[in-house]
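>>> Quick one: sequence and predicted model below, then my questions.
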Amino acid sequence: MTQVAFPKMLSSQIAFDIARTILDGFDKHYRLFRAASQAAKRHFETASWPVAQRAARERIDYYDQRVQETVAALEDAYTADELGDAVWRETKLHYIGLLSGHKQPELAETFFNSVSCRILHRSYYHNDFLFVRPVISTEYIETDELLPTYRVYYPAADGLRFALKRIVTNFQLDCPFADLDRDVRLVETRMSEAFGLDQAEPNQQFQVLSNLFFRNKGAYIVGRAINGARDYPFVIPLLHNRRGELVLDTVLTDPRQIAVLFSFTRAYFLVDMEVPSAYVQFLRSLLPRKPKSEIYTLLGLQKQGKTLFYRDYLQHLKHSSDQFQSAPGIRGLVMLVFELPSFPYVFKVIKDFYPPPKETTRAQVKEKYLLVKHHDRVGRMADTLEYSDVAFPLHRFSEALLAELRQHAPSLIEIEGEHLIVKHLYIERRMVPLNMFLAAAGQANDDERLEHGILEYGNAIRDLVAANIFPGDMLYKNFGLTRQNRVVFYDYDEIEYLTDCVFRDVPEARTEEEEMAAEPWYPIGKHDVFPEQFGRFLLGNPKIRHYFMQHHADLLTRAWWQAHKDRILAGEVQDIFPYPQHIRFHHPLTTPAQTSEAPSLLENQQ
């Protein structure tokens with residue numbers, strides 16, 4: 001039999017050592033990532049909310065820290081001459097070999113790209129030195145036999161109620177339940193009504209992910225119920241009551257409500273995953289409309305999310321022909337926003353210059369976006385993907401859009417051959433600007449939609465305040481509506497912590513001249529806010545004013561804002577529920593909601 005010789009090109013010890021160093025850097029990252037996710041269980045059991053919040057914020061930076069460490073190690077160990085093309089090409093081949101049997105190969109490939117792009121010039125970004133496409137399959141990766149990706153329960157063997165109780169107790173939370181039997185009965189009733197589980201098919205089972213999902217003050221059991229040929233997603237939130245006991249707060253059975261729980265406007269979950277691709281595959285079965293990139297991101301693997309998003313974007317470019325254009329809506333003073341109509345995202349570039357009254361810098365705007373990335377977005381702030389040196393096909397840009405970019409952000413664009421290079425930008429989900437939504441509703445005399453927009457706008461403000469966020473610029477143009485008709489804030493250049501604001505009443509005029517003055521006659525500090533003046537900018541339309549005063553009149557009072565600021569300064573972590581209040585079981589002694597996600601007036605309109 002003829003033997004195939006191993007390629008002589010894989011002979012560089014330097015290439016192998018570089019590959020090993022990069023993989024060691026990734027393995028350290030994921031070890032720390034899992035440790036943070038495992039610690040979330042202890043934080044939940046002990047109700048250590050400030051500690052949990054801090055740990056969740058710190059975890060976001062783990063990836064970049066490990067990339068920087070790995071780059072520094074390589075640059076210290078090797079000269080630029082030793083990192084030539086041939087060595088780097090062989091490094092990738094060695095790395096592929098090292099990933100055989102790895103539990104997180106797709107994440108390790110992305111880590112390799114991150115390290116490479118810090119060392120190599122961008123002209124190498126799309127050649128053989130990087131994982132432009134995944135090389136190692138994530139299908140059927142074996143998990144630890146003692147902790148599979150999901151557990152299976154068969155209600156027919158021991159009864160539906162007993163199966164549900166086992167699902168909960170198998171997580172072995174070190175905290176007492178207030179009344180687990182009562183809660184399980186409530187879950188059983190709700191599930192039976194939603195899924196028809198009382199009419200058992202021969203194949204009836206529950207498949208439940210083996211680890212809890214932690215976020216803020218909640219833990220979530222995520223699974224699917226199978227009854228015959230049909231399967232149904234469900235999520236059971238666990239909370240602490242005021243006595244520190246655990247309760248099952250509700251069970252989510254509506255796919256739309258589950259989609260909101262996993263929205264791009266929420267903070268990342270902490271969940272311990274040995275094989276993250278298996279968790280993503282399971283979640284895709286529950287959320288078929290959600291791209292894999294968003295699911296990876298919601299699991300805290302935002303760099304993998306960015307990688308998959310960019311691959312999807314490149315594929316979309318290949319299969320579309322429409323032109324990039326300026327995004328509809330009022331032009332911003334700080335951001336230039338453009339879109340590809342066939343792609344459900346917008347691209348945001350920070351301008352070089354800002355006309356009065358804006359007083360900011362590009363560095364300060366970046367800090368605001370970083371603040372939002374690290375903060376709890378409470379379902380009311382859009383997550384953003386930040387990219388550097390993005391290559392766009394030049395022929396897809398109109399002369400008008402190119403002229404706008406050259407006028408407002410000349411320092412951020414370069415033309416290289418057939419490509420327009422944008423040196424820095426943010427990418428966000430496209431939404432309908434609230435000002436356009438309200439204008440369309442008004443023109444159509446659609447009072448239901450008008451009221452919904454104002455109700456949701458006020459609820460968004462309330463949720464942001466509960467999370468210690470003051471939007472700064474509260475004009476409707478800075479808010480948008482998602483597919484679920486939820487209002488979300490997306491303009492961050494004036495965002496502030498609520499606790500940094502000074503809420504004031506407008507002083508009484510002492511003279512007629514002061515009362516008639518065009519400009520304020522009283523001193524105004526940098527962080528002063530006068531809530532009673534919001535109406536001058538927001539409530540010119542009589543119908544809008546009517547609905548705003550009906551639902552949110554307290555937002556125009558200093559007392560309301562100051563009360564929430566005082567609660568936060570006192571150390572209170574307020575409850576913001578990622579599901580409607582009306583579906584909760586409303587246990588006695590459960591912490592009352594500080595904000596309310598009311599049933600949508602347009603709940604059934606997608």
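Received the coordinates, thanks. Source: prediction; values computed, not measured.
>>> Which secondary structure elements does the helix or strand containing T297 sit against?
Using DSSP states H and E, T297 sits in helix 292-298. Under the contact criterion of 3 or more Cβ pairs under 8 Å, 6 or more residues apart in numbering; DSSP states H and E, helix 292-298 touches helix 276-286, helix 302-318. From N, CA and C alone the C-beta is placed, and that goes for glycine too.
>>> Taking helix 276-286 as reference, get the angle to the longest one.
Okay, so that is helix 302-318. On the basis of axes from the mean of the first three to the mean of the last three Cα atoms, to 10 degrees, helix 302-318 is oriented at 60 degrees to helix 276-286.
>>> Check which residues of helix 302-318 are buried.
Q302, K303, Q304, G305, K306, T307, L308, F309, Y310, Y313 (16 or more other Cβ atoms under 10 Å).
>>> residues touching V422, list them.
V422 is in contact with F347, V349, D389, V390, F392, L405, L412, I413, counting by Cβ atoms under 8 Å, 6 or more residues apart in numbering.
>>> Which of the residues you listed fall in helices?
Judged by DSSP state H, helices contain the following of the contacts of V422: L405.
>>> Beyond the helix or strand that contains Y426, next helix or strand please.
Using DSSP H and E, the element containing Y426 is strand 419-429. Using DSSP H and E, the helix or strand that directly follows strand 419-429 along the chain is strand 432-433.
>>> Was I right to think E418 contacts F392?
No. Here E418 does not reach F392: they are 10.0 Å apart, not a contact under Cβ atoms under 8 Å.
>>> okay, these two: which has more neighbours?
With neighbours defined as other Cβ atoms under 10 Å, E418 and F392 compare such that F392 has more, 19 against 10.
>>> I'd assumed L420 was in contact with that one.
Yes. Here F392 reaches L420: they are 4.5 Å apart, a contact under Cβ under 8 Å.
>>> so how many other residues sit close to the closest residue to P134 other than its chain neighbours?
Spatially, and ignoring its direct neighbours in sequence, P134 is nearest to E106 (5.7 Å; Cβ to Cβ, 6 or more residues apart in numbering). Counted with other Cβ under 10 Å, residues neighbouring E106 total 25.
>>> and E106, helix, strand or coil?
What DSSP: H, G, I helix; E, B strand; the rest coil gives for E106 is helix.
>>> residues touching it, list them.
E106 neighbours (Cβ under 8 Å, 6+ apart): P134, I136, T138, P276, S277, Q304.
>>> Turn the residues you listed into JSON lines, columns for distance to V488 and pLDDT.
Output for the contacts of E106, formatted as JSON lines (distance: Cβ to Cβ, whole Å; pLDDT from 0 to 100):
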{"residue": "P134", "distance to V488": "31", "pLDDT": "91"}
{"residue": "I136", "distance to V488": "36", "pLDDT": "92"}
{"residue": "T138", "distance to V488": "31", "pLDDT": "91"}
{"residue": "P276", "distance to V488": "27", "pLDDT": "97"}
{"residue": "S277", "distance to V488": "29", "pLDDT": "97"}
{"residue": "Q304", "distance to V488": "24", "pLDDT": "97"}
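>>> What subset of those is buried?
Among the contacts of E106, those classed as buried by 16+ other Cβ under 10 Å are I136, T138, P276, S277, Q304.
>>> I'd guessed the third one sits against T297; true?
No. Applying Cβ under 8 Å as the test, P276 and T297 come out as separate, 11.6 Å apart.
>>> Kindly point out which residues are neighbours of both of those two.
Shared contacts of P276 and T297 (Cβ under 8 Å, 6+ apart): Q304.
>>> for the stretch 51-200 of the chain, what spans make up the helices?
Secondary structure of the stretch 51-200 of the chain by DSSP state H, counting those that start in this stretch: the helices cover 62-77, 85-98, 105-119, 155-158, 160-169, 180-195.
>>> ok, E448 - how many residues close by?
Neighbour count for E448, taken as other Cβ under 10 Å: 11.
>>> cool, the one 10 residues further on as well?
A total of 20 residues lie near G458 under the criterion other Cβ under 10 Å.
>>> Need the pLDDT of it.
G458 carries a pLDDT value of 97.
>>> now it, nearest residue through space, not along the chain?
H552 (3.4 Å).
>>> Same check on F262?
Going by Cβ to Cβ, 6+ apart, F262 has L298 as its nearest residue, at 5.5 Å.
>>> Residues contacting stretch 39-59, please?
The contact list for stretch 39-59, computed with Cβ under 8 Å, 6+ apart, reads 33, 36-37, 173-175, 212, 214-217, 219, 240, 244, 267-268, 270, 272, 300, 374-376, 571, 573.
>>> Of the residues you listed, just the buried ones, ChimeraX syntax please.
With 16+ other Cβ under 10 Å as the criterion, this ChimeraX line picks the buried residues out of those:
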select :33,36,37,173,212,214,215,216,217,219,240,267,268,270,272,300,375,376,573
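>>> Okay, and which of the contacts of stretch 39-59 map to strands?
If you go by DSSP state E, the contacts of stretch 39-59 have F214, R215, A219, H240 in strands.
>>> Can you pick out the most distant pair from the residues you listed?
R215 and H240 (14.0 Å; Cβ to Cβ).
>>> what residue ranges in the protein are flagged as low confidence?
The chain contains residues with pLDDT under 70 at 1-11, 121-127, 198-200, 514, 587-606.
>>> what's the domain layout of it?
If you go by automatic domain parsing, the domain ranges for the chain are 13-124, 150-315, 320-430, 433-574.
>>> what would these look like in JSON lines with distance to H586?
What follows is these, written out as JSON lines (distance: least, Cβ to Cβ, whole Å):
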{"stretch": "domain 13-124", "distance to H586": "20"}
{"stretch": "domain 150-315", "distance to H586": "9"}
{"stretch": "domain 320-430", "distance to H586": "21"}
{"stretch": "domain 433-574", "distance to H586": "18"}
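>>> Can you say which of those domains is nearest to H582?
Nearest of the domains of the chain (Cβ to Cβ): domain 150-315, 9.7 Å.
>>> Tell me how far the closest one lies from the chain's centre.
Here domain 150-315 shows a centroid-to-chain-centroid distance of 18 Å under the convention Cα atoms, centre = their mean, to the nearest Å.
>>> gap between the two ends of it?
Using Cα to Cα, to the nearest Å, the end-to-end distance of domain 150-315 comes to 32 Å.
>>> Go ahead and confirm L74 touches D24.
No. Between L74 and D24 there is no contact, the gap being 11.2 Å when judged by Cβ under 8 Å.
>>> nearest to Y369, of the helices of the stretch 51-200 of the chain?
helix 62-77 (14.8 Å).
>>> got the angle for the closest one vs helix 302-318?
Per the same axes, to 10 degrees, the angle that helix 62-77 makes with helix 302-318 is 90 degrees.
>>> from the buried residues of helix 302-318, which is closest to D254?
Closest approach to D254 among the buried residues of helix 302-318 (Cβ to Cβ): G305, at 25.0 Å.
>>> residue contacts, that closest one?
S293, E294, I295, Y296, T297, L385.
>>> For it, which non-adjacent residue is closest in space?
Ranked by Cβ to Cβ, 6+ apart and with sequence neighbours excluded, the top spatial neighbour of G305 is T297, at 3.2 Å.
>>> List the residues that contact the one you found.
F264, Y268, Q304, G305, K306, D383.
>>> one step back: what would the ones in strands among the contacts of stretch 39-59 look like in JSON lines with distance to Q281?
Below are the ones in strands among the contacts of stretch 39-59 laid out as JSON lines (distance: Cβ to Cβ, whole Å):
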{"residue": "F214", "distance to Q281": "21"}
{"residue": "R215", "distance to Q281": "21"}
{"residue": "A219", "distance to Q281": "22"}
{"residue": "H240", "distance to Q281": "31"}
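>>> any idea how far L186 is from F324?
L186 is 51 Å from F324, where distance means Cβ to Cβ, to the nearest Å.
>>> if you count what's nearby, which of the two comes out ahead?
F324 (20 against 17).
>>> Would you mind measuring from that one to S137?
34 Å.
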